[in-house]
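S.K.: A structural model of the following input is requested.
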Amino acid sequence: MSEIVVRPARAEDRDAIRAMTLGAYAEYATLLPQAWEGYRANIVAALARPAPARQVVATRAGAIVGAVLLYPSSPVPGRAGRAAVPEVRLLAVTPAARGQGIGEALMRDCIEQARAGGHPALTLHTTAFMQAALRLYGRLGFVRAPELDLEVAPGVVVTGHRLDFARAGQSPYHTKPGATKPGA
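M.R.: Model (predicted):
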């Protein structure tokens, strides 16, 4: 199997990123029958104009097999006094390439970028039915942050998660990209 390369997305990647992301998220259409079309439209809109996010892809043999958006920190409306931190959105790995460390490589890139920017934390949102993503986020040290929860449609809550870098530095799983876990 060829090596995974994580790199910033290029303009010419746009169509492949959209197709791969929609393919990765398509399994949720049946779980969100009332909200799927709105969610799909949100995905397409975010990918059409990713700025101000940093868009990153994972490639294998030149083909895009994963992608993620890392939004910069910005003031959070209605959350005065809360430190604004970067946020991960739309982590996607093509179904055929799942379980091969691609999502983790993309997340580690986001973590590294947020840390390098001097931010105290990194946040993201997910849902209870995205079990593989929840396991990955937990391994990386993200914890539930209920104050970040959002109800995006009636009865559809996306749960907030936060990785505090000061706390994360105490975990053996928070190593630099490419490093192995202790005992691995």
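
S.K.: What count of nearby residues applies to Glu151?
M.R.: Residue neighbour count, defined by other CB atoms under 10 Å, stands at 9 for Glu151. For every residue, glycine as well, the C-beta is placed using N, CA and C.

S.K.: Surely it is in contact with Val157?
M.R.: Yes. Counting by CB atoms under 8 Å, Glu151 touches Val157, with 5.2 Å between them.

S.K.: need the longest helix for the protein.
M.R.: Across the chain, the helix with the greatest residue count (assigned by DSSP state H) is helix 102-116.

S.K.: Just list what that helix packs against, helices and strands only.
M.R.: Applying 3 or more CB pairs under 8 Å, 6 or more residues apart in numbering; DSSP states H and E, we find helix 102-116 packed against strand 4-8, strand 54-60, strand 63-71, strand 87-93, strand 121-126, helix 131-139.

S.K.: Need the mean per-residue confidence for the third one.
M.R.: In this model, strand 63-71 has an average pLDDT of 97.

S.K.: Residues contacting that strand, please?
M.R.: 4, 9, 13, 16-17, 20-21, 46, 50, 52-59, 86-94, 96-97, 102-103, 105-107, 109-110, 113-114 (CB atoms under 8 Å, 6 or more residues apart in numbering).

S.K.: And it, what's buried?
M.R.: In terms of neighbour count (16 or more other CB atoms under 10 Å), strand 63-71 has its buried residues at Ile64, Val65, Gly66, Ala67, Val68, Leu69, Leu70, Tyr71.

S.K.: can I get the CA coordinates of the longest helix of the chain in PDB?
M.R.: Presented in PDB, the C-alpha positions along helix 102-116 are these (Å, rounded to 0.1, in the frame of the first residue of the first chain):
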ATOM      1  CA  ILE A 102      -6.100   8.700   7.400                       C
ATOM      2  CA  GLY A 103      -8.600  10.400   9.700                       C
ATOM      3  CA  GLU A 104      -6.000  10.400  12.500                       C
ATOM      4  CA  ALA A 105      -3.300  11.900  10.200                       C
ATOM      5  CA  LEU A 106      -5.700  14.700   9.200                       C
ATOM      6  CA  MET A 107      -6.700  15.400  12.800                       C
ATOM      7  CA  ARG A 108      -3.100  15.400  14.000                       C
ATOM      8  CA  ASP A 109      -2.400  18.000  11.300                       C
ATOM      9  CA  CYS A 110      -5.200  20.200  12.600                       C
ATOM     10  CA  ILE A 111      -3.900  19.700  16.200                       C
ATOM     11  CA  GLU A 112      -0.400  20.600  15.100                       C
ATOM     12  CA  GLN A 113      -1.600  23.800  13.300                       C
ATOM     13  CA  ALA A 114      -3.700  24.900  16.300                       C
ATOM     14  CA  ARG A 115      -0.900  24.400  18.700                       C
ATOM     15  CA  ALA A 116       1.600  26.100  16.400                       C
END
